[in-house]
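Asker: kindly generate the corresponding structure for this input.
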Amino acid sequence: MHDAFGPLSVTPVTHSVPMAKNQRPGHTPPGTSVRPSPQTVLDRLAAGGDRAARITHTEHLPPRAGRHAVWPHRIRPEVVAAVQKAGIADPWAHQAQAAELALDGRSVVVATGTASGKSLAYLVPVLSALLDGSEAPNGRGATALYLAPTKALAADQCRAVKELADPLGKSVRPAVYDGDTPFEEREWVRQYANYVLTNPDMLHRGILPSHPRWSSFLRALRYVVIDECHTYRGVFGSHVAQVLRRLRRLCARYGSEPVFLLASATAAEPSAAAGRLTGLPVEEVADDASPRGDLVFALWEPPLTELHGEQGAPVRRTATAETADLLTDLTLQGVRSVAFVRSRRGAELISVIAKERLAEIDRSLVGRVAAYRGGYLPQERRALERALHSGDLLGLAATTALELGVDVSGLDAVVIAGYPGTRASLWQQAGRAGRTGGGALAVLVARDDPLDTYLVHHPEAIFQRPVETTVLDPGNPYVLAPHLCAAAAELPLTESDLSLFGPGTEEVLPQLEAAKLLRRRAKAWHWTRRERAADLTDIRGQGGPPVQVVESGTGRLLGTVDAAASHTAVHEGAVHLHQGRTYLVEKLDLEDSVALVKEASPPYSTTARDTTAISVLETEVTVPWGEGRLHYGSVEVTNQVVAFLRRRLITGEVLGESKLDLPPRTLRTRAVWWTVTEDQLDAARINPEILGGALHAAEHASIGILPLFATCDRWDIGGVSVPLHPDTLLPTVFVHDGEPGGAGFAEQAFRTAREWLTATHGAIASCECEAGCPSCIQSPKCGNGNEPLHKRGAVRLLTELLKGAPKS
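Answerer: Numbering: from 1, shown residues only. The predicted structure is shown next:
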C-alpha cells in the first residue's frame, strides 16, 4: 500500500527468537519475520551497561481510531474506483473535506499528521479534473502543477500518481520536470503532460522565464499543489512566495486562475502561513481523522565521557556515535529503521560506523545499511530509493532530503540525531515510522548543545507545546527586488501588478530603475539587460552558484556544496565525506566555485570557526525592560571564517586548530539586541573582569535556544556580544538573521523575547556542569575559542534583565 494515500491498519506481532552465535542481545537473523512491539525494541536498546540511564523520558502516545467519510459526489466515479482498487474503500473525513473545498474552487491547506493521507486529499480532485479535461473539445483540457521542495519527493509522488491513475489510461499523463529530466524528454512534457511535477527552483529558472513555450499548459491550469508547504520558511519561503505570485500573474495573462492545494505537517495557524505563501485566502483542514498506531517516543541523552573539551569543559559522547550504535542494534534486531541526521557529513559518518560494527558481528548485514542525503548524483539517489522500497535496506542514515514525504512505508523505528530545529520537523521525522498503521518507536538523541539538553530535561517543551508558526517575509527587499526584475522580464510590469507583489513594491521599483535594471516606458516597467533576470537570485538563499567538489587525481565530479556553506564545509583542510568515502580538501577556488579533494582516511572530523562584527544601521523598535532596553532593527554584519578545529572521530576530542585565510563576507540584515546599564551590572554583581564572559555566555545560550521559538536552526542565525558597543554605548548582546535583508527569525525573537530569554536562563542555570560546557554556553562555531565565558555571571545577568521584562 503506497503511503501517498494514507495508512492501512496493521497489527504489530511480537515473537521471540532463539539467539544465534555472535549475536548481540536482540540480534535477529536476516530473513526472520519478526515485528516486535516498540516498547520491546526500546527495552532491547536500553539493555546492558548504563544505557537505561540515558533515557531521560519516555512518552507513550496512544493509538487513535480513524473516522471515515464518503467522497464528494462530484468526484468522477472512475477516480473513486481507482482509489478503491488501490485498497482504500472510503476516505478519512479530512480527505473528503479537503476534496470538497477544492471542487468548490477554494484554495485549501491540509495540515494533518504524517501518514494521514494528505496526498490523496489533493490527488482525488486533481485526477477528477484531469479526467474531465480529457473529454473537453479544446484538445489539451485541464492541467495541474505539483511543487515539492526536493527532487526525491517529486519522483516519489510521480510513481504514486502513475500507480493510482493506471486504471484511468492516458487521460492522466504525469511527468517529472526538473534538473534531472533529459533534454529530449522536456519538449514532450511541455506539449503533452497534464500533471507536471517539479520544484520551486525549476519553476523559477525554467518554466516561468519560458512561459510562451508553456502557454497551453498555463492556459489550462486548474490546480497548483504545494506539498510539504511548512518547509517554505525563512528566506527560502519568502523567495517561493514571490515565485508563486509570478506564476499567478502569468496564469492571469493566459486566462486561468488556478486553485492552490497545500499539504503541511501539523502547524500553528496553517491557513495564515499558507496565505502568506500564496498571497491568497486559504481554507484550513486540520482535524486529523486518520488512525494512528501507538508511538513510543524516547528522549536519549548520551553519557559524559572522561574527555575534556575547551577550557577543561566536560564532554558528552557525540550524538553521531550514539546514533550509529542505535542504528547498528536496530539492524541486528531486524528492525527497519531510519536515522535522521542534520548534516550530510553526519549521515555518511553514521553509515560508515554502523557498517564497521555490523561487520564485526554479521557481515551479511553490512550491505543493508546505507546513507541518503542531498548532493548525490541523480542515479545514486534513485538507486537508494529503490533499495528502500524493495526492503533491501534495513537501516538508513538520512538527511532531511528523505524527511520530506518520500514513501518509506514499513519502517518500525526512527532515530533522530539531534533536535532538527523545529517541532514540526521533529514530528515529521518521528512520523516516518509506523507508516503502515502499526506501532512505532522514535528516539531523539540529544547533541551536546543548549537546546537539545534543555529539551531532553524539559519534555513538556516537546510534548505539551504546539508546533511553531512558519516564519517568512515576502516583502524583504532583498527577496522582492530580483523577483520584480524576473517578473518584468517575463511580462512588462504595470501599475495593476504592484499590489500582487506586496506593499514594498513601490519603494523598490525606483531603486531598480536607478540601478538601470528596469526602465519605465509609457505605463510599464521593462527588463533592460541581455542576461536572464531569473539568474539574479538563488531562491534557496545560497548566495551564488554551488561549489563543485572535484577529485583532483581523476577530475571526477563527486557532488556539490551550497555557495553559502562552502567557507565552512569545503575550506582547505576540511574533511569531506561522499558515499562512505573520506576526502581531504586540497584547495577551495572561490573564483571558479570548485573544491579540489583527494581521498584520505584522517582519524578526525573538522569544524570551522568564525568571527563577527556588527554595526547598527537603524533601530526600528525599542521596548523598555526596566532599566534595560530591547531593540529590533537593521544591522550590518561582517563575518569571516578564521580557523578550523580537528576533532577525533567518535569522541569529539579536540586534536588541534588550524588558521584559515578566507575573505570576510558582509551582509545587511535584521537583528534583535538588548542592553543593560551600569546599575544593573552592579545589582547582578558583574564586575568588569567577568562582564565580557557573562555577555558572551548569554549570547551563545540564547542563540542555541532560539529555535524553540522561531522556525530556524542555530546555523541560520548569528550573534555578537560587546562590553561597550560603539553604537549603543552600553554592554550589548545581538542576535541576527544570517541572510541579507533578514529571514524573520530575529523579529520572532523580539516578539517572544521574554519567553525566549527565560528559557535561555533556565538552560544555563539547570546545566549540571561547573563552569560551562557545550550543553549550555559553549558554541561549536565560536571564532574566539569559547573565550571568555562566565556561566554564573550569565545567570545573574539574565536574572537582572528579566526582572524588567514586560509581563505580556
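
Asker: the bottom helix or strand of the chain by mean pLDDT?
Answerer: The helix or strand of the chain with the poorest confidence is helix 400-403; it has a mean of 61 (mean pLDDT, DSSP states H and E).

Asker: list the buried residues of the host helix or strand of Glu348.
Answerer: Element membership of Glu348 [criterion: DSSP states H and E] is helix 344-361. Within helix 344-361, the residues scored as buried using 16 or more other CB atoms under 10 Å are 344-355, 357-358, 361. C-betas here are computed from N, CA, C, even on glycine.

Asker: kindly report the same for stretch 113-122.
Answerer: Those would be 113-122, for stretch 113-122 by 16+ other CB under 10 Å.

Asker: could you do stretch 632-650 as well?
Answerer: So for stretch 632-650, counting by 16+ other CB under 10 Å, buried means 632-635, 637, 639-647, 649-650.

Asker: now intersect the residues you listed with the helices, please.
Answerer: Nothing among those maps onto helices, per DSSP state H.

Asker: list the ones among those that fall in strands.
Answerer: Counting by DSSP state E, the buried residues of stretch 632-650 place 632-635, 637, 639-647 in strands.

Asker: ok, back up a step: specify which member of the buried residues of stretch 113-122 is nearest to Val597.
Answerer: Using CB to CB, Thr114 comes nearest to Val597 of the buried residues of stretch 113-122, at 36.7 Å.

Asker: please report how far the closest one lies from Tyr632.
Answerer: Distance, Thr114 to Tyr632, by CB to CB, to the nearest Å: 35 Å.

Asker: so where's the stretch 1-150 of the chain shaky on pLDDT?
Answerer: 1-34, 136-140 (pLDDT under 70).

Asker: dihedrals phi and psi, Pro72?
Answerer: In terms of degrees, to the nearest 10, the main-chain angles of Pro72 are phi -60, psi 150.

Asker: burial measure for it, as a count.
Answerer: Using other CB atoms under 10 Å, Pro72 has 19 neighbouring residues.

Asker: so where does the residue nearest to it when sequence neighbours are not counted fall, helix or strand?
Answerer: Excluding its sequence neighbours, the residue lying closest to Pro72 (CB to CB, 6 or more residues apart in numbering) is Glu100, at 4.7 Å. If you go by DSSP H and E, Glu100 is part of helix 93-103.

Asker: ok, Ile416 next?
Answerer: Ile416 belongs to strand 413-417 when assigned by DSSP H and E.

Asker: so, low pLDDT: which residues of the stretch 701-808 of the chain?
Answerer: In the stretch 701-808 of the chain, residues with pLDDT under 70: 713-714, 808.

Asker: contact partners for the nearest residue to His68 once chain neighbours are set aside?
Answerer: Nearest residue to His68, sequence neighbours excluded (CB to CB, 6+ apart): Asp90, at 4.4 Å. Asp90 is in contact with 68-71, counting by CB atoms under 8 Å, 6 or more residues apart in numbering.

Asker: restricted to helices, list these.
Answerer: Counting by DSSP H, none of the members of the contacts of Asp90 fall within helices.

Asker: tell me which of these is nearest to Pro806?
Answerer: Distance to Pro806 across these (CB to CB) is lowest for Ala69, with 46.4 Å.

Asker: what is the burial count for the closest one?
Answerer: 16.

Asker: looking at this protein, which helix is longest?
Answerer: helix 234-253.

Asker: looking at this, Glu768 is in a strand?
Answerer: No - per DSSP: H, G, I helix; E, B strand; the rest coil, Glu768 lies outside any strand segment and is coil.

Asker: now it: phi and psi?
Answerer: Backbone torsions for Glu768, taken as degrees, to the nearest 10, come to phi -80, psi -10.

Asker: ok, now how distant is it from Glu306?
Answerer: In this view, Glu768 and Glu306 are 16 Å apart by CB to CB.

Asker: higher neighbour count, these two?
Answerer: Glu768 (11 against 7).

Asker: before we move on, the earlier item: distance from the chain centre to the longest helix of the chain, please.
Answerer: A distance of 20 Å separates the centroid of the chain from that of helix 234-253, by CA atoms, centre = their mean, to the nearest Å.
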